[in-house]
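A.B. asks: only the shape, not the letters, is given here:
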């Protein structure tokens with residue numbers, strides 16, 4: 001039974017909590033977002049209702065409700081909630097928690113929901129220490145991570161866990177969270193007279209980037225910093241209340257590979273605006289310029305190819321220029337290159353051609369070098385017949401000798417009907433027709 005002192009202490013702690021902490025949902029019904037796995041009939045909801053919840057991994061950006069949902073799950077399934085942070089906890093603390101979980105099961109029959117924040121920070125030994133108690137059901141593990149668990153978490157642990165990917169909250173969901181905070185007189189800002197202007201609400205919902213915590217922090221700053229009531233929470237106050245968000249970008253983690261993927265796919269898809277956005281995102285996050293230029297050189301051959309033969313020289317020139325110039329000036333070179341490659345006609349014919357040719361070689365579909373193509377520049381070659389019958393291409397009127405260069409009929413390179421490659425395709429039809437004559441077809 002709690003004493004008056006305990007209640008007073010609890011009230012004092014609640015008073016100093018920021019709005020985002022006070023407004024944490026008390027039930028699943030209050031929880032906003034993640035309906036793709038938490039909505040009625042969805043997987044996590046079914047697991048809760050059927051009491052089949054075991055090990056799960058919550059993967060997603062900050063401010064999307066991973067910690068809150070873990071606490072709510074513990075209430076829903078009537079388990080004991082214990083939290084560790086992988087950054088500050090070692091194997092010793094982990095073993096102590098697991099032992100207490102065993103004792104709890106032995107004495108009360110109640111399981112422990114162990115929430116581990118930043119679980120990807122645990123080393124292999126720490127993650128392995130979890131496996132026995134996860135497998136035998138002593139603990140219900142809920143691991144939270146901002147890094148892709150398939151890369152960052154022990155594969156043995158991933159294979160024993162259900163992965164749920166959290167998405168950033170939509171602007172409408174952010175607005176719901178803010179309205180709930182403005183209406184709640186106990187946990188929220190309901191005791192203040194706040195007129196949240198529509199444009200200010202829209203601005204906060206958009207600029208928060210799906211992070212409910214950030215939106216609520218800005219809302220609280222704006223309200224508490226206003227000296228008069230009623231508070232006219234307009235767009236100007238909203239802008240003043242939002243601090244510039246640090247770009248979440250880990251050069252060695254998920255955001256690096258995801259942003260690079262988005263950049264390449266945007267250029268391949270001929271969208272210069274999207275390409276420039278993802279370029280800016282990577283530059284602002286401190287991406288290595290050499291990595292960017294390497295990717296652009298690869299793309300110039302892989303996705304533009306001979307549809308625009310100028311693409312590769314431009315990308316190589318950009319790589320060299322960026323090496324000489326460096327940031328910040330080389331952002332102009334990168335911008336020019338991304339815009340050019342995005343607008344260039346696209347062809348992956350060269351990419352497909354080398355892939356098919358190498359597949360034939362790897363899979364054993366080998367052909368001998370035709371005798372007339374073999375090296376004839378050494379003593380004894382003539383005796384072996386090497387080079388006999390070879391026709392020097394430049395002696396032909398059109399520079400194309402009607403002879404066989406492979407020994408079998410094979411067409412790896414198939415130019416697309418775009419850009420310069422369309423012209424090449426027409427020329428290649430004539431060339432191949434003459435080469436077929438050399439094979440006696």
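C.D. replies: Okay, I see it. Everything numeric here is computed off the predicted structure, so don't read it as measured data.

A.B. asks: quickly find the element holding the residue nearest the centre of the chain.
C.D. replies: Taking CA atoms, centre = their mean, the centroid of the chain lies closest to residue 258, which sits 3.2 Å from it. When secondary structure is defined using DSSP states H and E, the element that contains residue 258 is helix 254-268.

A.B. asks: quick check: chain neighbours aside, which residue is closest to residue 226?
C.D. replies: residue 237 (7.2 Å; CB to CB, 6 or more residues apart in numbering). Backbone N, C-alpha and C define where each C-beta goes, glycine included.

A.B. asks: let me see the contact set for that neighbour.
C.D. replies: Residues counted as contacts of residue 237 (CB atoms under 8 Å, 6 or more residues apart in numbering) are 200, 222, 226.

A.B. asks: nearest to residue 412 among these?
C.D. replies: Minimum distance to residue 412 across the contacts of residue 237 is 60.0 Å, recorded for residue 200 (CB to CB).

A.B. asks: list the contacts of that closest one.
C.D. replies: Residues counted as contacts of residue 200 (CB under 8 Å, 6+ apart) are 233-235, 237-238.

A.B. asks: from those residues, which ones fall inside strands?
C.D. replies: residue 233 (DSSP state E).

A.B. asks: max pairwise distance over the contacts of residue 200: which two?
C.D. replies: Taking CB to CB as the measure, those have their most distant pair in 233 and 235, spaced 9.0 Å apart.

A.B. asks: run through the strands of the protein in chain order.
C.D. replies: With strands called from DSSP E, the chain shows them at 56-59, 80-85, 112-117, 139-145, 162-165, 194-196, 231-233.

A.B. asks: so which other helices or strands are in contact with the longest one?
C.D. replies: In this structure, strand 139-145 packs against strand 56-59, helix 66-76, strand 112-117, helix 124-135, with contacts taken as 3 or more CB pairs under 8 Å, 6 or more residues apart in numbering; DSSP states H and E.

A.B. asks: tell me the mean pLDDT for stretch 276-291?
C.D. replies: When pLDDT is averaged over stretch 276-291, the result is 88.

A.B. asks: actually stretch 197-215, not the one I wrote
C.D. replies: Here stretch 197-215 scores 89 as its mean pLDDT.

A.B. asks: list the buried residues of it.
C.D. replies: 200-201, 203-205, 207-215 (16 or more other CB atoms under 10 Å).

A.B. asks: looking at these, which are in helices?
C.D. replies: Using DSSP state H to define helices, the subset of those located there is 200-201, 203-205, 207, 212-215.

A.B. asks: now, which of those sits nearest residue 402?
C.D. replies: Within those, the smallest distance to residue 402 is 67.9 Å, found for residue 207 (CB to CB).

A.B. asks: for the residue lying closest to the closest one once chain neighbours are set aside, report the pLDDT, please.
C.D. replies: Ranked by CB to CB, 6+ apart and with sequence neighbours excluded, the top spatial neighbour of residue 207 is residue 242, at 5.5 Å. According to the model's per-residue confidence, residue 242 sits at a pLDDT of 82.

A.B. asks: and residue 160, what is it in contact with?
C.D. replies: Residues counted as contacts of residue 160 (CB under 8 Å, 6+ apart) are 54-55, 131, 134-135.

A.B. asks: what about the longest helix seen in the chain, distance to the chain center?
C.D. replies: Determined from DSSP H, the single longest helix within the chain is helix 419-438. Taking CA atoms, centre = their mean, to the nearest Å, the mean C-alpha location of helix 419-438 is offset from the chain mean by 42 Å.

A.B. asks: in it, what's buried?
C.D. replies: Along helix 419-438, these residues count as buried under the neighbour rule (16+ other CB under 10 Å): 419-421, 424-425, 428, 435.

A.B. asks: measure residue 110 to residue 104 for me?
C.D. replies: In this structure, residue 110 and residue 104 are 6 Å apart, going by CB to CB, to the nearest Å.

A.B. asks: identify the contacts common to those two.
C.D. replies: Among the neighbours of residue 110, those also in contact with residue 104 (CB under 8 Å, 6+ apart) are residue 80.

A.B. asks: show me which of the two is the more surrounded one.
C.D. replies: Neighbours of residue 110 and residue 104, each counted by other CB atoms under 10 Å, are more numerous for residue 104; the result is 18 against 12.
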